[in-house]
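Participant: need a structure here:
(chains A and B)
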Amino acid sequence: MSENNSSELVKRRLEELDHLEKMGVNAYPYSFDKTHTSQEINDNYSDESPELFEKVAIAGRIMALRRMGKSTFLTIQDQQGRIQIWFNQKLTPEKYDQIKLWDIGDIIGVKGPTFRTKTGEITVKGADFELLTKSIKPLPIAKEEVDDEGNKILHDAFSDKELRYRNRYTDLIVNPKIREVFTKRSLIISEMRRYFDSNGWMEVETPILQSIYGGAAARPFSTHHNTLDISMYMRIALELYLKRLLVGGFEGVYEISKNFRNEGMDKNHNPEFTMMEIYVAYKDYNWCMDMTEDLIKTLANKANGNLILNVDEIEVDLSESFERTPWFALIKKYTGMDLFGKSKDELLGDAKTLGVHVESTDSKTKILDEIFSEKVENNLQKPTFVTDFPLEMSPLAKKHRSTEGLVERFELYMFGQEVGNSFSELNDPRDQRARFEEQAKDKAAGDEDAMMLDEDFLNAIEVGMPPAAGLGIGIDRLVMMLTGQSSIRDVLFFPQMKPRK
RNA sequence: GAUUCCGUAGCUCAGCUGGUAGAGCACUUGACUUUUAAUCAAGUGGCCUCGGGUUCGAAUCCCGACGGAAUCACCA
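Facilitator: The predicted structure is shown next:
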């Protein structure tokens, strides 16, 4: 539909392109040697020594065009920012007519000296220029105003979320703030790699297509391998393969990659999302808490230059030590009830008392989880390590060294959301088998999310996995918190959308 | 999956008590050699998401479909 509506505009631009080619202009040349970025010029130009920018070559997309007869001002945008260009018929008498055939959206290269206009704007003089790409489709361009304090105000900005997500490339061109979020995302992930690499932990890749899925409680996407004629699943977690590598003798391995879960979508869930998991041999969850806290603080500092985070109206200060509180203590704090050691029937009664909706067929794990999600999670805005989970909830975590019925596990919560999950990893093969058998019972009782028994994984554990700490971090959620976004769609370049008819 | 709200020009929106479509920006033409939301003048541009219904008449009311957003449910 929009094809037809914009066809007049497209037709006109195609005519211009034709016209340019008749003038002997190649509208799609092969390269351009740029010497500077807009930012380098904007940040470093000084009126005392304009000769430093006597000869610059810059390239970018035309974002604003102010024609004034024999003189033309335009603003181009490159990856770093925007800069004004000034053209004048006197400067380029033979080529000036070409400029009349340019449009907003075209990509050009310009060579010339830098100067400051009467009104004080740093500007590149178009002593020579070249069209680098003619744009055929018009952009949803918004006028940009700079107020007295230097703040940029976009008027009637391209804001339709559906169109923005479906045409992300347009969104990125037209909404510079969006680009910042993704630049930070990239920075956060590369700093995370640097952090791990500098400790000697190794980045690895493990299968995404698996014949048995595991490592988390979730429904998978399933597919089919034609040659082998077997069902296969897209992975829901990284854990079980990374642990096999610990068995194989690597002492620190991590992977940053997509997981896939066939479940609901909302502002915190996308069917494919990025997970980081790391396993370090000979360490336990106490060590891992220290490491996680240091990692999060390091990343926040790199991304924002400080330790204050803001999402929606809520501010979180990371500079204090993260709170560490046991799971049952938090339940007690927010419900007044001590649920530790209670039977399933007692828990069912307690859930009802608390007004938490559960079914009598639900497993003990599920009831506990429901109570925690409803009564506790929202209170955990400040970074909090929730420690020492009930054993039933954690089939891959090692039993607590001093308290029966608990495991050595923590989850890091911020802004009421889980960002990290960690255990002292279970490496006793007898216990691991028993836990899987427990899961199988839950599954038989109707818990769809209970884990499958993975004989091959058990075999690896039987060969012997060293004691280890493991940590998983949901990268998308972490990026949301570190960039102040409240929807996962705003930290994914291409969030899942229903296909257009 | 449920509920609520939304879908009008390329973009941002108005039009809502039913009478056949409007603004700003973008685009076109003209003027303009330091402008910057450039300005001034004159224009072009719509199957009002789609399909049914009510009505003499529907962008407007009703039903359905398709997309989107929010909340909930599901979901470590």
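Participant: Run through chain A and note the low-pLDDT ranges.
Facilitator: Counting by pLDDT under 70, chain A shows low-confidence ranges at A:1-6, A:500-501.
Participant: Keeping just the C-alphas, turn the longest strand belonging to chain A into PDB.
Facilitator: If you go by DSSP state E, chain A has its longest strand at strand A:56-68. Extracted C-alpha coordinates of strand A:56-68, given in PDB (Å, rounded to 0.1, in the frame of the first residue of the first chain):
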ATOM      1  CA  VAL A  56      39.000  17.400   5.000                       C
ATOM      2  CA  ALA A  57      37.000  14.800   3.100                       C
ATOM      3  CA  ILE A  58      33.900  13.600   4.800                       C
ATOM      4  CA  ALA A  59      30.900  11.600   3.800                       C
ATOM      5  CA  GLY A  60      27.400  11.100   5.000                       C
ATOM      6  CA  ARG A  61      23.700  11.100   4.400                       C
ATOM      7  CA  ILE A  62      21.900  14.400   3.700                       C
ATOM      8  CA  MET A  63      19.500  15.000   6.600                       C
ATOM      9  CA  ALA A  64      18.500  18.700   6.000                       C
ATOM     10  CA  LEU A  65      18.700  20.800   2.900                       C
ATOM     11  CA  ARG A  66      18.400  24.600   2.800                       C
ATOM     12  CA  ARG A  67      18.600  26.000  -0.700                       C
ATOM     13  CA  MET A  68      19.100  29.700  -1.200                       C
END
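Participant: Is RNA strand B within reach of that strand?
Facilitator: Yes: for strand A:56-68, a contact with RNA strand B is found by Cβ under 7 Å from any atom of the strand, at A:Ala64, A:Leu65, A:Arg66, A:Arg67, A:Met68. In this view, the C-beta of every residue, glycine as well, is placed from N, C-alpha and C.
Participant: Out of the residues you listed, which end up buried?
Facilitator: With burial judged by 16 or more other Cβ atoms under 10 Å, the buried subset of these is A:Leu65.
Participant: which one of the residues of strand A:56-68 next to RNA strand B is nearest A:Leu330?
Facilitator: Using Cβ to Cβ, A:Ala64 comes nearest to A:Leu330 of the residues of strand A:56-68 next to RNA strand B, at 53.6 Å.
Participant: my guess is that closest one meets A:Leu74, correct?
Facilitator: Yes: using Cβ atoms under 8 Å, A:Ala64 makes contact with A:Leu74 at a distance of 6.2 Å.
Participant: Mind listing residues that contact the longest strand of chain A?
Facilitator: A:32-38, A:41, A:72-78, A:82-83, A:100, A:102-114, A:124, A:132, A:135, A:141, A:143-144, A:173 (Cβ atoms under 8 Å, 6 or more residues apart in numbering).
Participant: Can you narrow these down to the ones near RNA strand B?
Facilitator: Counting by Cβ under 7 Å from any atom of the strand, the members of these near RNA strand B are A:Phe73, A:Thr75, A:Asp103, A:Ile104, A:Ile141, A:Lys143, A:Glu144.
Participant: Which two of those residues have the greatest separation?
Facilitator: It's A:Asp103 and A:Glu144 that sit farthest apart of those, by Cβ to Cβ, at 17.1 Å.
Participant: Can you tell me the closest non-neighbouring residue to A:Val146?
Facilitator: Residue nearest to A:Val146 in three dimensions, not counting chain neighbours: A:Lys152, with 5.7 Å by Cβ to Cβ, 6 or more residues apart in numbering.
Participant: Pipe the ones next to RNA strand B among the contacts of strand A:56-68 into JSON lines and attach neighbour count and distance to A:Asp284 per row.
Facilitator: Shown next, in JSON lines, are those (neighbours: other Cβ atoms under 10 Å; distance: Cβ to Cβ, whole Å):
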{"residue": "A:Phe73", "neighbour count": "18", "distance to A:Asp284": "64"}
{"residue": "A:Thr75", "neighbour count": "20", "distance to A:Asp284": "56"}
{"residue": "A:Asp103", "neighbour count": "17", "distance to A:Asp284": "62"}
{"residue": "A:Ile104", "neighbour count": "15", "distance to A:Asp284": "59"}
{"residue": "A:Ile141", "neighbour count": "19", "distance to A:Asp284": "56"}
{"residue": "A:Lys143", "neighbour count": "10", "distance to A:Asp284": "58"}
{"residue": "A:Glu144", "neighbour count": "16", "distance to A:Asp284": "53"}
